[in-house]
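Trainee: I would like to see how this sequence folds:
(4 chains)
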There are 2 protein chains.
Amino acid sequence: MLKKQQLYNQLKQHIQLQHWPPGTVLTQQQLAEHYGVSRIVVRDVQQALLSDGWLEPHGKAGIQVPGFSATEAQELCLLRLQLEPLALQLAAANMSFSQLGQAEDLLAYIAAHKHLAPYQRGELNWQFHRILYQSCAKPHLLRLLDQLHQQVSRYLGYQEQALAYADTSAAEHAELLSLLRHGDTEQAGKLLVRHITEAGNLLVQLLQKQQGAR
Amino acid sequence: MLKKQQLYNQLKQHIQLQHWPPGTVLTQQQLAEHYGVSRIVVRDVQQALLSDGWLEPHGKAGIQVPGFSATEAQELCLLRLQLEPLALQLAAANMSFSQLGQAEDLLAYIAAHKHLAPYQRGELNWQFHRILYQSCAKPHLLRLLDQLHQQVSRYLGYQEQALAYADTSAAEHAELLSLLRHGDTEQAGKLLVRHITEAGNLLVQLLQKQQGAR
DNA sequence: TTGACAAAAAATGTATACATTTTAAATTAG
DNA sequence: CTAATTTAAAATGTATACATTTTTTGTCAA
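Mentor: Numbers count the residues shown, from 1 in each chain, chains lettered A, B, ... in the order given. Next up, the predicted model:
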């Protein structure tokens, strides 16, 4: 596999697991030495992660691991609410049985693997949503949604502590699927809004608690 | 100035002016020689333009200048409609007089320079919109809007032919500003929707005509 | 002629080396 | 001692050179 791709994944994961905690300032040299690749590779990855929001510029030299804020989480939730129901509505018309099946399989897989790492669970959950939106056939919309998910997933290391929510989430996913199967787009949309709002509120509250605790 | 930045701007402009027409396949070597820089610089710019949607992958080697489609334009319009009114609404509450003034200045400048290149006019028009949204204080929302504008601006070479629209557009901008000055957020929002829809429809019709003419 | 396989060419990925810019440290004048 | 200026160190930008992958070309057998 390309070293670029490897480093991209590894560095992202290390950021998520807070091996490089928020606020850490990194240089190309540092990363190159630490991960045993040339600076060229680091540069490519750095640019990608900067535009993904997993790193942010730090003055004119160096890059910084961004922190977490309840405000940002709130905004991401708002944007999801603005775009995901639209995607679902557009997709509902074209959705195939095979796609519904895929989504079902994914839910089963998640249910069967209770002890996944939180970021893996998050990834699978997004895949579920992604399948539902897929057939909206709007590449740009899907691109924006992927970006938003990327941002949100940066927070998932935190969200772990809210494991109690996993069950609620799974139940809602199942209900969502059921509604779509029966062609009840209207109700599915409403449920999706509730679903996103709940997840968002939980995350925001968690972050606020943590911010207050300093 | 950094060569990277220079090349980024120049290549983008050349794509917009169809110096590299849609469908053209380019290689790093080619670009490096043509613009007199090393491949490293080309690589950086290539990655940036790929993620901006000004270039697209072409198999496993080479990059391609994307074409234009009415469908894509339609989608971009849809997304603008989904996000810009929200931004305006959120911004309206916090908008300062100095910002309204900035916007006013911009309109005056545009009105005073009738003979701007179409892409410059497009850039200024977007700056106007951007100022109105600025104070929504939602970094991610603004980032998404900037991206959307990037995409739309790729089409502006075409939109030139619709210069007749420039006057309508300017009039609507002025009215929008006036409504905001008087705090009529409701009406401003409705006008914005109309404004975006009109521009979108015009562009889509133009593209459909051109597609039909082949 | 066609299709598969091998060899050559070309393109991209990666590393090293050098140039320029930025940051930090050291020195000196006030 | 402070602050400004100079000097050294470090970081990023860029170019060249090499390695690997991908594409194309050409050859040969069916």
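Trainee: tell me which residues of the top helix by length along chain A come out buried.
Mentor: Assignment by DSSP state H gives helix A:185-212 as the longest helix of chain A. Within helix A:185-212, the residues scored as buried using 16 or more other Cβ atoms under 10 Å in any protein chain shown are A:185, A:188-189, A:191-192, A:195-196, A:199-200, A:202-204, A:206-207. Just so you know, the C-beta spots here come from the backbone N, C-alpha and C atoms, and that holds for glycine as well.
Trainee: ditto for stretch A:43-53
Mentor: Judged by neighbour count (16+ other Cβ under 10 Å), stretch A:43-53 contains these buried residues: A:43-49, A:51-53.
Trainee: again, but for stretch A:129-149
Mentor: The neighbour-count check on stretch A:129-149 (16+ other Cβ under 10 Å) flags A:129-136, A:138, A:140-142, A:144-145, A:147-149 as buried.
Trainee: for it, how far is the first residue from the last?
Mentor: Stretch A:129-149 has an end-to-end distance of 10 Å (Cα to Cα, to the nearest Å).
Trainee: quick one: contacts for the closest residue to A:Leu49 other than its chain neighbours?
Mentor: Nearest residue to A:Leu49, sequence neighbours excluded (Cβ to Cβ, 6 or more residues apart in numbering or on different chains): A:Leu55, at 4.4 Å. Contacts for A:Leu55 were tallied using Cβ atoms under 8 Å, 6 or more residues apart in numbering or on different chains; they are A:15, A:26, A:46, A:49, A:63-66.
Trainee: okay, and which of those residues map to strands?
Mentor: The strands, defined by DSSP state E, take in A:26, A:63-64 from these.
Trainee: ok, and the most crowded of these?
Mentor: Ranked by the number of neighbours (other Cβ atoms under 10 Å in any protein chain shown), the ones in strands among the contacts of A:Leu55 place A:Ile63 first, at 23 neighbours.
Trainee: returning to what we had before: near DNA strand C, which of the buried residues of stretch A:43-53 show up?
Mentor: A:Asp44 (Cβ under 7 Å from any atom of the strand).
Trainee: is chain B contacted by stretch A:90-103?
Mentor: No. In terms of Cβ under 8 Å from any Cβ of the partner chain, no part of stretch A:90-103 sits within range of chain B; the closest distance is 8.9 Å.
Trainee: send over that stretch as PDB, restricted to the C-alpha atoms.
Mentor: Taking C-alpha atoms only, stretch A:90-103 is exported to PDB below (Å, rounded to 0.1, in the frame of the first residue of the first chain):
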ATOM      1  CA  LEU A  90     -34.000  12.500  -2.400                       C
ATOM      2  CA  ALA A  91     -32.600   9.000  -1.900                       C
ATOM      3  CA  ALA A  92     -35.900   7.500  -0.800                       C
ATOM      4  CA  ALA A  93     -37.400   7.600  -4.200                       C
ATOM      5  CA  ASN A  94     -34.500   5.700  -5.900                       C
ATOM      6  CA  MET A  95     -33.700   3.300  -3.100                       C
ATOM      7  CA  SER A  96     -33.200  -0.300  -4.200                       C
ATOM      8  CA  PHE A  97     -34.000  -3.400  -2.200                       C
ATOM      9  CA  SER A  98     -30.300  -4.400  -2.400                       C
ATOM     10  CA  GLN A  99     -29.400  -1.200  -0.700                       C
ATOM     11  CA  LEU A 100     -31.900  -1.800   2.000                       C
ATOM     12  CA  GLY A 101     -30.400  -5.200   2.400                       C
ATOM     13  CA  GLN A 102     -26.900  -3.800   2.700                       C
ATOM     14  CA  ALA A 103     -28.100  -1.500   5.400                       C
END
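Trainee: tell me which residues of that stretch are tucked away?
Mentor: A:90-92, A:95, A:99-100, A:102-103.
Trainee: what's the closest of those residues to chain B?
Mentor: Within the buried residues of stretch A:90-103, the smallest distance to chain B is 8.9 Å, found for A:Leu90 (Cβ to the nearest Cβ).
Trainee: so for the helix or strand containing that closest one, mean pLDDT?
Mentor: Element membership for A:Leu90, per DSSP states H and E: helix A:70-94. Averaged across helix A:70-94, pLDDT comes to 97.
Trainee: which elements pack onto whichever helix or strand comes after it?
Mentor: Proceeding N to C from helix A:70-94, the next assigned helix or strand is helix A:97-112, under DSSP H and E. Here helix A:97-112 touches helix A:118-134, helix A:164-181, going by 3 or more Cβ pairs under 8 Å, 6 or more residues apart in numbering or on different chains; DSSP states H and E.
Trainee: picking that back up, quick one: which two of the buried residues of helix A:185-212 are the most distant?
Mentor: Spatial extent of these (Cβ to Cβ) is set by the pair A:Thr185 and A:Leu207 at 32.7 Å.
Trainee: ok, A:Gln211 - contacts?
Mentor: A:69-70.
Trainee: if you set the cut-off to 6 Å instead, what comes out?
Mentor: For A:Gln211, no contacting residues are found, by Cβ atoms under 6 Å, 6 or more residues apart in numbering or on different chains.
Trainee: check it and give its pLDDT.
Mentor: 78.
Trainee: cool, A:Ala162 as well?
Mentor: At A:Ala162, pLDDT is 61.
Trainee: ok, back up a step: just checking: which of the buried residues of stretch A:129-149 also lie near DNA strand D?
Mentor: Of these, not one also sits near DNA strand D (Cβ under 7 Å from any atom of the strand).
Trainee: out of the buried residues of stretch A:90-103, which comes closest to A:Leu79?
Mentor: Out of the buried residues of stretch A:90-103, the member with the shortest distance to A:Leu79 (by Cβ to Cβ) is A:Leu90, at 16.8 Å.
Trainee: low pLDDT regions in chain A?
Mentor: Across chain A, the ranges flagged by pLDDT under 70 are A:158-164, A:214.
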